[in-house]
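# structure for this input, please:
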Amino acid sequence: MHVKLRFINQSSVVRSTDVVIFQKNKIWKTQPNIVPWKVIQNCTANHYHPLEYTDELKVSIGDSWGNFSLPQVVEPNTHYEVVKLPIGRRFQKANQQFRDVRGLTIKNNLHRGAISVNVYRNGRLVAQDPVVIPGQQSFFDFDPILYIGAVSNIREGIVHHSAVMTNVNTQLSLLGVRSADIVMRDSDRRQPSLQPFSFSLENFGFG
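Okay, here's the model as predicted:
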């Protein structure tokens with residue numbers, strides 16, 4: 001799945017507005033933290049910003065010393081593990097796979113030491129499990145849905161508490177889409193809304 005997108009600002013607002021795009025891990029019933037996958041800045045009225053979305057995910061494992069493994073491509077619906085080596089550790093596909101695995105599963109099989117699991121899409125952090133202790137597993141599963149809204153003081157790739165994104169509730173499904181425009185307009189003033197902008201997916205190309 002490879003989708004080419006254009007964010008187009010068709011609002012009447014003159015000042016620059018930050019637009020945040022993120023995804024939700026559907027394995028988690030509650031979303032305590034959210035990682036802004038993409039933050040679009042300084043895209044003023046009648047300008048556009050290109051971006052791409054692929055279903056390929058990469059994972060980087062972090063440790064308590066601030067070290068990270070190079071991002072590694074992972075397969076969907078597959079079980080992975082972190083194991084100890086004579087020197088260091090290795091992130092690998094688990095020897096034992098389970099038929100009922102949904103999404104991506106990563107287990108900390110180290111005897112000691114917590115790890116962080118960092119998931120990337122298109123080279124940008126899309127989700128993180130900050131602390132996975134030995135013996136525990138981390139689970140990730142994403143629908144091809146983007147959440148988008150206008151939020152100030154948000155940094156791309158930095159974990160934020162979900163309360164900051166409370167008013168970001170527009171969902172854009174990319175299922176079956178090959179290309180499309182994400183268009184931002186002024187919200188309809190006749191409709192009560194806390195958001196000054198609306199977002200829609202238009203000019204589809206299907207593949």
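
# find the nearest non-adjacent residue to the most centrally placed residue in the chain, please.
Nearest to the geometric centre of the chain sits V126, at 2.7 Å (C-alpha atoms, centre = their mean). Spatial nearest neighbour of V126, chain neighbours left out: W37 (4.6 Å); criterion: C-beta to C-beta, 6 or more residues apart in numbering. Yep, even glycine has a C-beta here, placed from its N, CA and C like the rest.

# OK, contacts around that neighbour?
Listed by C-beta atoms under 8 Å, 6 or more residues apart in numbering, the contact partners of W37 are I21, F22, Q23, R121, R124, L125, V126, E156, G157.

# what separation do you get for the spatially most distant residue from the centre of the chain and I21?
Computed with C-alpha atoms, centre = their mean, the residue of the chain farthest from its C-alpha average is P86, at 33.9 Å. Computed as C-beta to C-beta, to the nearest Å, the P86 to I21 distance reads 42 Å.

# same thing with V183?
Distance, V183 to I21, by C-beta to C-beta: 14 Å.

# with S12 instead?
The spacing between S12 and I21, counted by C-beta to C-beta, is 22 Å.

# can you pull out the low-pLDDT segments for the protein?
29, 31, 98-101, 188-195, 207 (pLDDT under 70).

# can you count the residues close to S138?
24 (other C-beta atoms under 10 Å).

# could you do the one 3 residues further on as well?
Other residues lying near D141 total 16 when counted by other C-beta under 10 Å.

# what sits against it?
Counting by C-beta under 8 Å, 6+ apart, D141 has contacts N25, K26, I27, R102, G103, L104.

# which ones among those map onto helices?
Here DSSP state H is the test, and the contacts of D141 give no hits in helices at all.

# let's have those residues in TSV, adding distance to H111 and neighbour count.
As requested, the contacts of D141 are exported to TSV (distance: C-beta to C-beta, whole Å; neighbours: other C-beta atoms under 10 Å):
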residue	distance to H111	neighbour count
N25	27	22
K26	32	15
I27	26	15
R102	28	13
G103	26	15
L104	23	24
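
# so which of those residues are in strands?
Of the positions in those, L104 sit in strands, assigned by DSSP state E.

# got the domain ranges for the chain?
Residue ranges for the domains of the chain, per automatic domain parsing: 2-54+144-206, 57-140.

# tell me the buried residues in the helix or strand where D181 lies?
Taking DSSP states H and E as the criterion, D181 maps to strand 177-186. Buried positions in strand 177-186, judged by neighbour count with 16 or more other C-beta atoms under 10 Å: V177, A180, D181, I182, V183, M184.

# wait, which of those is closest to T166?
For the buried residues of strand 177-186, the minimum distance to T166 (C-beta to C-beta) is 19.2 Å, reached by M184.

# beta partners for the closest one?
Assessed by DSSP bridges, M184 has beta-bridge partners N9, F199.

# correct me if wrong: it contacts S11.
Yes. Using C-beta atoms under 8 Å, M184 is in contact with S11, at 5.6 Å.

# would you mind listing the residues touching both of these two?
Any residue near both M184 and S11 by C-beta under 8 Å, 6+ apart counts here, and that gives F197.
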